[in-house]
Every structure is written in C-alpha cells, then in structure tokens.
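K.L.:
what's the 3D shape of this:
(chains A and B)
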Amino acid sequence: MSELFDVLIIGTGAAGSVLAGQLAEGGLKVICLDAGPYWNPEKDWASDEWEMRKLFWDGPRINASTAENRVSIGTSTSGKAVGGGTIHYTMMALRLHPSDFRTKTLDGVGEDWPITYDDLAPYYEFMEHELPVAGPEEWPWEGKGSYPQPEHETDCQAQKFMDGCGKLGIKPAVCPLAMVTAYYKDPWGFKREPCTNRGYCHEGCKPNAKSYTLLNFIPKAKKYNATIVPDAYVTKITTDKSGKVSGAEFIREGAKQCIKARVVILSAFVVETPRLLLASANSDFPDGLANSSGAVGKYLMVHSDHLVYARFKEPVRQYRNPPTTVITQDFYETDAGNDYKRGFTIGPYAGRPIDFANLAINSRRDMWGHKLLDFMKGYNYWMRNGIIGEVLPNKENRVELSDEVGEFGLPIPIVYFKYGDNDKKLIEHGLKLSADIMEAAGAVEIFPAPASAHLMGTCRMGEDPKTSVVNSYGQSYDIPNLFIAGTPIFVTSGAVNPTLTAQALAARTAEYIIKQMKEGDGF
Amino acid sequence: MPEFDVMPWKYHWDKTTQEVIEKRISEVPTQTFFDDSELRAVAKIIEAVIPGIHEDIPIKEILGRKIEGSEKKGVRPVDLPWRPQMYKQGLSFLDKESKATFSKGVADLTFDETTALLEKTLQEQVNKDIWEFPSDLFSQAMIADIAAIYYSFPHAWNEIQFAGPAYPYGYYALGCDEKMEYEPELGESGNE
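P.N.:
Numbers count the residues shown, from 1 in each chain, chains lettered A, B, ... in the order given. Below is the predicted model of the structure:
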C-alpha cells in the first residue's frame, strides 16, 4: 500500500478498537491491522467450549514461570480476532479505585501512576455509556460507575455467595458487566437482545448481549471510514531517518506488505507488544524501539485468580448466567491489620465442564480416573469462589525474546514470572476468605485451586523517561509518533479486571492524538 | 441419579451449534500423528483417565488431529517441548518406564498397571535416566487434554447432567429451587 494514513493501529482488541472508533470519528484517516479473523458471530460461533477455543491467541509463547508460580499466559488471557479479548472476556466492568493510582505514596509499595483517578473518571464514564455497561445503583466502595443498563439478575451460585457474605458481615454487590440487560436502541444497527443467561460468555456471545467491540467501536470506526484489515500479522515496525516510526511490515495471505502512517499505535497486548518493539530493533534502535529506559518487557503483572472449589448438598447449577454476577470489595484496600499491602476483589466464578474439569486437574495430582468421573458427576453441586488479587510490579517479571524462532521468522517470546512475598501473603488470605465464605454458605467440601488471570505491564507509563516507556497518554518517550495502548501501559495491577481501564485510557489517548494532530505539531 | 439426555434439545439449538456437535459425535477424524503402537498406548491411557469410556468417543483420533497442527503454537512450559514433540517423546519415555517396571510396553498393560504407571509419573517416582523432562507435567497435560475432549461430548454432558448449549432459548429460572424444562431434575447429592 503506497497510501499514507494518519494513524496505523496494530491490534483491534479492547483498546485498539476504542482508538479506531474515536480517531476515525475525529476525522483522522485510520487503518487497523489485526492478526486474527473478522468473525461473523451467527455463522462462525457455536455454543460450545471445545469449538470456541479458536477465539484464543494461538501464537507461540514460552512460559518460564516456575511450578509454584505458574501463571497463565495464553488461552483466555488473549484473543486473536478483530475485537480481540473482548469477544471472550467475562465482561466485569469495574473501575480501579483512587488508591490504585498512588500505591507508593499511600502504602510504600508498587509505583504511583502519572495520572489520578480523577483524570480517568470522565473516560470511565464515557466507556460505561458507549459499551454500554449494566450495573447496580448501590455501590458500597470506591470506584462507583455510571451504568445506563440495569444490573444483571443474580443466580443460585450468587445467592450462595451472598448468603455466605451475609453470615460473615461482608457486603456483596452486583457486579457491573459490559452488556445489555434491558431494551437497548443500538446506534450501529445490531439486534442486541438482553442477556439470555445461557452462560457461554467465554465462547463468544451469540445473543449479542455482551458489549464486545465488534458491536460498538469497530462499527463506529467503519462508519467513519477506517480500514480494518483482518488476518494481517505484523512482523516489524519501521522507522525513518528522523528517528520516528514510519509504519509497519505485515504478512497477509502469504505475502509481505508494508504500510505507512504518521502515527503508529501498538495495541497488541502484553506479550506481543514488547515482542514487536524488541523484534523491530535496528541500527538506530539497537535495544528495540522505545526502549532507552530498558523497561520494555519489564514489570509484567498478572492478577492472582486463586479460588476454591466448593460442594453443596443441594444443586447450584453453575452453568447458568454469566460466570460472575456478584462480588465483594470489602478487602480491596490496604488494612493495617494485615501482613500485606493492597487487596483483592472476591466473587464466584462459574465454569463450563471443560474449564471446570481442567482447572481441577491442574490443581491436584489425583483428579483423574474414577476420582475425576465422580467429581464431575457432582458438577451441578459445585461452585467456585475466588479472588482477583493485586500483584505488585517487579522488574524481574518480564517478557523477553527467546532464541527460538516462530511463525514468520519472529523470535518467540518467553515470559518470566514469580510472585513476591506480599503477593503470596495476599493470596493466602484471599484463599482463606474465599473458603470461609463458602463454608458459611453451607459448603460441605472445599479444595483450593491456584490460578491467575489477565496480563498487564511490560511498557509501563510514568513521569520519568529513565524508568518508564510511555507517558500517561501511551506516547513513547523515545519516539513521539509511537503510542502504546491497552494493559501494557499499566503501572500497577489494581484488583479488578483490567479491560474497562484499558479502554478508558484508550479513549483518553484518542482525544490527545486528535488534538495534537489537529492543533499541535502532529508529532 | 435420574436419566438425563441433552440431545433431544438439539433441534432447538442454532444451526452452527447443531452442525458442530453433530460432526463431533458422527465423525472419527483421520489422524496421522500417532503411529499404531502409540495409538494402542494412548488408548490404554485414555481408559485409565476415563474408565469405562464409551467406545464411540474417539478421543485418541481427535487428540492426534489436534496435535498435528500444534507445532510452535500456543504456550509451552519452558521445561517441556512443543506439543507434538512432548507427546512423541513423552510416550516413548512412558513406554520405557513401563518396560522397566512391568517388562512390557504401555500398549500391553492391564488397567491396573496403566493406573500404577500414571501414578508413578504424577508423583515423579520415575527412572531419571529415562525422562528428559518432568514426568508429572507431561502426564498432567495429557490428562487435561483427554478430559477436555471427553467433556466436549454430549455423552459426558448427560453423565454429569449438564444442560448443554441452551441457545437460543437460554435460562430464565435462576433461583436455587427453579429450573427450566430442559434442565435435569436434581435432588440432594448422595455423596456427602
């Protein structure tokens, strides 16, 4: 393509889609490349766990986290499609708390963000309305959102959770979810029916209740003439003699192609983003692009997602409804009585049979044979309850390029991770509380299952170019026309699902880019 | 436990889901990844992981087909090779372990012997001269793969009384004491 675009967006997931829609609406000439397909939900998606594994990122990654620190870096953490991970995410649309932006000042751990909660609040609200989000009127904690759709109906497992919380004096609340729960006049012409509670949220939402970006920001981008190119695998970000980025090289239908743009936004999630920056090293940028700080790939974070399996005498039927409809954030903030800083969200987390069996198998050594069959015959009597726990940033937790070469000649990324002492103490407390709630609700058998969810960091924002990769807008300190969007720019993890924050940050970045392109020097 | 059958509801499922499930239960995929000897060994392992598995569920063929396309795809733990090599090498180590323990290969083991062999690998009580990577990680990955395929079959959904795809009709009776007509009748669990 010889055409010059204003903006090239690499990756059209949660953040990339928002940028595409907002920048195109702002009058910029936008092109988006995504490594995955452009799905037709009605034709391509089935209500089936096995079939819908095709939604996950399937590119090669090497996991060098040790057995006791084993974290998930593939499958449900990352999507491969236009719409990215929003197609299979759990929809939990929670805001960070104000304290999350100031953990170093308040608690002496982690790092302060270069922005405050108040800076991001208008963009949270914008996202909650654009997606839209369904949520409660009552919210007992910080980070209360503004929800245009009524809260989702709760279910039996939610009732068990609330019963347990009630007995222990813990406050539960209905979880805000990015979805439609009532009549919704869709501005993009889709038929969006309220949730049917069928429960296959991780398999792509065929009823179009979920607010995944194929239903909102991608059609918005197309309406304003953005070009969306699926099945385009970017292999290199190119630079020019002035030290700016000039576009990208990509493979599509077996052929190498190039694209030129005034601004490049890399929104390829936490592993592929540093992979591309590092793999695009050249004589002007020998350590990789945007990496004078040496922080590209560093400060990788997950959420501890440790949970307990809990069996009840009476049926729970966890397969109905979205995986999580209620939570508590009573343990979110630092408590001087704890032996750790920061905290977690707790809530039940349902699984379809494959997910339910596999996490149990991976959590213990005896879950096979007759034991597995008997356990699964009790499927309707079990539920799971666990944490989304804050994991503090640590420079040693990182993504690097391995010596192995994968598809299209790109080095395969390798991920190193281990939990810190604070993380471990927080997990121990979270697991105990998760079990206490289930026991109070009447569970007759409980066992723990270690797990992790979400990926954040590796291109963190900050005020100091020596220790951070980008500023608060995701703009590279080294290359002013290169932006990074999504969870890679997170400074700390918080203890909520990161998608809404990634999207709010993207909306803020879009506003900044439009202003600079129209009124400023255009990078 | 009351009888439950999810399949009569297939006529209410959307067309794509119907086709996906119909294909799964009616077709045995052709696979070329496992050779005959490996296939016989894998069949023994499957029987140990899912005892009494219904003969119409072609796990080994689906597994072989899945592995064929998985070279340098997805995530590998740093201490295991990529999926295809993990299976080839792992089955070879398992066979050597079997011969060292029972004087015969995995394909010729009894159910109890296969179970004992898998138990050894999961406890890492194996011959370190044989295994070039952790035996527990290999066996656990294999068990998870087998279980994932098994629980993708309506036969298994019936066994665990899972009400299946439920689209487009969904669930609107969400309370603990409520259910829709296509959900199983359930009493209190008997195995407290």
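K.L.:
Now do the residue nearest to residue A:449 when sequence neighbours are not counted: how many residues are near it, please.
P.N.:
Nearest non-adjacent residue to residue A:449, counting by Cβ to Cβ, 6 or more residues apart in numbering or on different chains: residue A:363, 3.8 Å away. Bear in mind the C-beta positions are built from the backbone N, C-alpha and C, glycine included. The number of residues packed near residue A:363 is 16, by other Cβ atoms under 10 Å in any protein chain shown.
K.L.:
Just give the closest residue to residue B:57, not the sequence neighbours.
P.N.:
residue B:153 (5.4 Å).
K.L.:
next one: residue A:438
P.N.:
residue A:310 is the one closest to residue A:438 (Cβ to Cβ, 6+ apart), at 3.6 Å.
K.L.:
List the residues that contact the one you found.
P.N.:
Applying Cβ atoms under 8 Å, 6 or more residues apart in numbering or on different chains to residue A:310 gives the contacts A:160, A:382-385, A:435, A:438-439, A:441, A:443, A:445-446.
K.L.:
The same query, at a cut-off of 10 Å, please.
P.N.:
Counting by Cβ atoms under 10 Å, 6 or more residues apart in numbering or on different chains, residue A:310 touches A:157, A:160-161, A:164, A:316, A:348, A:381-385, A:434-435, A:437-439, A:441-447.
K.L.:
Would you mind listing what in the stretch 201-350 of chain A touches chain B?
P.N.:
Counting by Cβ under 10 Å from any Cβ of the partner chain, the stretch 201-350 of chain A comes close to chain B at A:203, A:205-207, A:209, A:271, A:311-321, A:325.
K.L.:
Just give me the neighbour total for the closest residue to residue B:109 other than its chain neighbours.
P.N.:
Excluding the flanking residues, the one nearest residue B:109 by Cβ to Cβ, 6+ apart is residue B:44, at 5.6 Å. For residue B:44, the tally of surrounding residues (other Cβ under 10 Å) stands at 23.
K.L.:
what sits against residue B:44?
P.N.:
Counted by Cβ under 10 Å, 6+ apart, residue B:44 has contacts B:94, B:98, B:105-111, B:113-115, B:117-118.
K.L.:
possible to save these as TSV with neighbour count and secondary structure?
P.N.:
TSV is the format used below for those (neighbours: other Cβ atoms under 10 Å in any protein chain shown; DSSP: H, G, I helix; E, B strand; the rest coil):
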residue	neighbour count	secondary structure
B:94	27	helix
B:98	23	helix
B:105	16	coil
B:106	26	helix
B:107	17	helix
B:108	15	helix
B:109	22	coil
B:110	11	coil
B:111	13	helix
B:113	17	helix
B:114	25	helix
B:115	20	helix
B:117	23	helix
B:118	23	helix
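K.L.:
for the residues you listed, which one is nearest chain A?
P.N.:
Nearest to chain A out of the contacts of residue B:44 is residue B:115 (Cβ to the nearest Cβ; 6.4 Å).
K.L.:
Quick check: residue B:4 touching residue B:161?
P.N.:
Yes. Assessed by Cβ atoms under 10 Å, residue B:4 is found in contact with residue B:161 at 4.7 Å.
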